[in-house]
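1. Just need the structure, nothing else, for what follows:
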Amino acid sequence: MRIKGAREHKKFKEGKQLTKKEAILAACFECNGGEHVPCQPIRPRRFYVTEF
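-> Here you go, the predicted structure:
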């Protein structure tokens, strides 16, 4: 099985522009030391607001 995010991570290291989805895969690849595990879905900012 191919490790997801490797191609996107290489593009990031080369300084190319990434889409949001590619950036998430590259970040997961970096964070996991080159191994991909499923990421938590990115939620809209309003779900993180705890103060009203």
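2. Got phi/psi on residue 18?
-> phi -120, psi 150 (degrees, to the nearest 10).
3. In contact with it, which residues are there?
-> Contact analysis of residue 18 by Cβ atoms under 8 Å, 6 or more residues apart in numbering lists 8, 11, 12, 26. C-beta here means a position set from N, CA and C on the backbone, and glycine is covered the same way.
4. Please apply the same query to residue 30.
-> Residue 30 neighbours (Cβ under 8 Å, 6+ apart): 5, 9.
5. Give me the subset of the contacts of residue 18 that lies in strands.
-> Using DSSP state E, no member of these falls in strands.
6. Quick check: buried residues in the top helix by length along the chain?
-> Under DSSP state H, the helix in the chain containing the largest number of residues is helix 20-31. For helix 20-31, the neighbour count (16 or more other Cβ atoms under 10 Å) marks 22, 23, 24, 25, 26, 27, 28, 29 as buried.
7. Pretty sure residue 5 is one of the things the last one touches, is it not?
-> Right, residue 29. Yes. Judged on Cβ atoms under 8 Å, residue 29 makes contact with residue 5 at a distance of 3.1 Å.
8. Of the contacts of residue 18, which belong to helices?
-> 8, 11, 12, 26.
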